[in-house]
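Chemist: What would the 3D arrangement of this be:
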Amino acid sequence: MANLIHKRIKIGKKYIDAVSMKLMSKNLVLIKGDKGYIMCGYLNLSAANKFGDAAIKIVGVSSVEEALKTKVFACSRAAKRLGVHKGQPVKEAIKIIA
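Modeler: Next up, the predicted model:
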């Protein structure tokens with residue numbers, strides 16, 4: 001599948017997975033660590049709260065590279081308990097969920 005891009009990102013001594021995929025008009029971007037994940041606006045924060053996931057929502061990005069340069073738009077209750085907060089640079093939040 002040519003429109004799926006997978007990257008491994010080194011965070012300290014760990015690696016996390018990041019994917020982006022062209023859907024219809026926009027890209028879906030997802031970065032997954034051991035404790036939680038970062039999702040673009042395509043995914044649902046209410047569902048993440050329902051399932052107890054530590055989820056971080058970002059908006060306005062179309063690639064993993066852009067995701068790494070943005071800030072947390074919103075986060076689930078479980079992510080807040082880990083120390084993630086709105087406005088936090090994603091690079092800091094990744095260290096928490098890695």
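Chemist: where does the residue nearest to K86 when sequence neighbours are not counted land on pLDDT?
Modeler: Using C-beta to C-beta, 6 or more residues apart in numbering and skipping residues adjacent in sequence, the residue nearest K86 is V72, 5.5 Å away. No exception for glycine: its C-beta is placed from N, CA and C like everyone else's. With respect to pLDDT, V72 scores 98.
Chemist: V72 and L82 touch, don't they?
Modeler: No. V72 is not in contact with L82 according to C-beta atoms under 8 Å; the separation is 11.8 Å.
Chemist: Can you report how many residues lie near the residue lying closest to L4 once chain neighbours are set aside?
Modeler: Excluding its sequence neighbours, the residue lying closest to L4 (C-beta to C-beta, 6+ apart) is M21, at 4.8 Å. M21 has 14 neighbours, counted by other C-beta atoms under 10 Å.
Chemist: Please identify the helix or strand for the residue most central in space within the chain.
Modeler: When C-alpha atoms, centre = their mean is applied to the chain, the residue found nearest the centroid is I38 (1.3 Å). Assigned by DSSP states H and E, I38 belongs to strand 37-39.
Chemist: other SSEs contacting whatever helix or strand comes next after that strand?
Modeler: On the C-terminal side of strand 37-39, the nearest following helix or strand under DSSP H and E is helix 45-51. Under the contact criterion of 3 or more C-beta pairs under 8 Å, 6 or more residues apart in numbering; DSSP states H and E, helix 45-51 touches strand 55-57, helix 77-82.
Chemist: Note down every partner strand of the shortest one and its orientation.
Modeler: Looking at strand 55-57 with DSSP bridges, its paired strands and their directions are strand 37-39 (parallel), strand 74-75 (antiparallel).
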